[in-house]
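Novice: structure for the following, please:
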Amino acid sequence: MTGTKTQTPDKAALARIGERVRKRLDADSKAYKIPTDLAEIYAFGDFLTPMECERLRAMIDMVAQPSRLHESAYVEGFRTSYSGNFDDDHPLVRGVSRRIDDLLGLPGNFAERMQGQRYLVGQQFKPHHDFFYPSENYWEEERKRGGQRSWTAMMFLNQVEAGGATNFTHVGIDLEPKPGVLLVWNNASPDGTPNDDTMHAGTPVTAGEKYVITRWYRSRKWN
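Specialist: Below is the predicted model of the structure:
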């Protein structure tokens, strides 16, 4: 995709949100900042307990369906996992969501519904960005639903036998799934423009299965 640098809706809001969360995470002693100047990526160990991971994996199994994408933006086979959205009112989902909100210092109503994903052997999510491309047909709908994505929060729920790393392709790092770990990153640069260097992939699972949960935040209230 091209045009991410020339079209920058929500730029001011993304810059404000980025600064707020950056200051909060940099001051958090539990945060591990990935050593790179290309993107703002942080990891938190033991964010979820083993029991929470087990319960959330079971919940993913109940809602998982073949994952979908904006058809105008991606080719068939780009994302081959199973996924499903959780009930916001479920006590566990509500509690985990609030913990992430508090960690980042962001309003809960800026976040999309929490989504669980399951990858079986051979399944993957090819290199992509989490931010939206304003040049695509879907943007007008997403603009009305809360605008551009700001931060991504991803939680790993199990130890994968082989494969399934999260690869930040421009940064050049592979992050192996470790149960209970929370990974967060800013999809924008400090000035509020979409950060192309946040491109990442869920590499193919080669043995076992992989369970993750993702919570995306917008630049304003999500509808």
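Novice: any weak-confidence spans in this protein?
Specialist: 1-6, 68-77 (pLDDT under 70).
Novice: wait, residue 212 sits on residue 114?
Specialist: No. With contact taken as Cβ atoms under 8 Å, residue 212 and residue 114 are classed as non-touching, separated by 11.1 Å. C-beta here means a position set from N, CA and C on the backbone, and glycine is covered the same way.
Novice: of these two, which one has the most company?
Specialist: A count of neighbours by other Cβ atoms under 10 Å puts residue 212 above the other of residue 212 and residue 114, at 27 against 23.
Novice: tell me who's in contact with that one.
Specialist: Applying Cβ atoms under 8 Å, 6 or more residues apart in numbering to residue 212 gives the contacts 116, 117, 119, 154, 155, 156, 157, 177, 202.
Novice: dump the residue contacts of the nearest residue to residue 45 once chain neighbours are set aside.
Specialist: Leaving aside its sequence neighbours, residue 45 sits nearest to residue 181 (Cβ to Cβ, 6 or more residues apart in numbering; 5.7 Å). Residues near residue 181 by Cβ under 8 Å, 6+ apart: 43, 44, 45, 46, 47, 155, 156.
Novice: find the residue at the geometric middle of this structure.
Specialist: residue 152 (3.7 Å; Cα atoms, centre = their mean).
Novice: report the beta-bridge partners for it.
Specialist: residue 185, residue 216 (DSSP bridges).
Novice: equivalent analysis for residue 167, please.
Specialist: With DSSP bridges as the rule, residue 167 is bridged to residue 174, residue 201.
Novice: give me the number of residues near it?
Specialist: By other Cβ under 10 Å, neighbour count at residue 167 equals 16.
Novice: over to residue 94?
Specialist: With other Cβ under 10 Å as criterion, residue 94 counts 15.
Novice: that one touches residue 100, doesn't it?
Specialist: No. Contact criterion Cβ under 8 Å: residue 94 and residue 100 do not qualify, at 11.2 Å.
Novice: would you map the strands across this structure?
Specialist: Ranges of strands in the chain, per DSSP state E, are 32-33, 41-44, 65-66, 82-85, 115-119, 125-128, 149-156, 162-163, 166-168, 173-175, 182-186, 200-202, 205-207, 210-218.
Novice: grab the longest helix from the protein for me.
Specialist: Ranked by residue count under DSSP state H, the longest helix found in the chain is helix 11-26.
Novice: compute the distance between the nearest residue to residue 112 once chain neighbours are set aside and residue 146, please.
Specialist: Among residues not flanking residue 112 along the chain, residue 216 sits closest, at 4.7 Å (Cβ to Cβ, 6+ apart). Distance of residue 216 to residue 146, given as Cβ to Cβ, to the nearest Å: 9 Å.
Novice: any common contacting residues for the two?
Specialist: residue 112.
Novice: number of nearby residues for residue 208?
Specialist: 16.
Novice: what sits against it?
Specialist: Here residue 208 is in contact with 121, 160, 161, 162, 164 (Cβ under 8 Å, 6+ apart).
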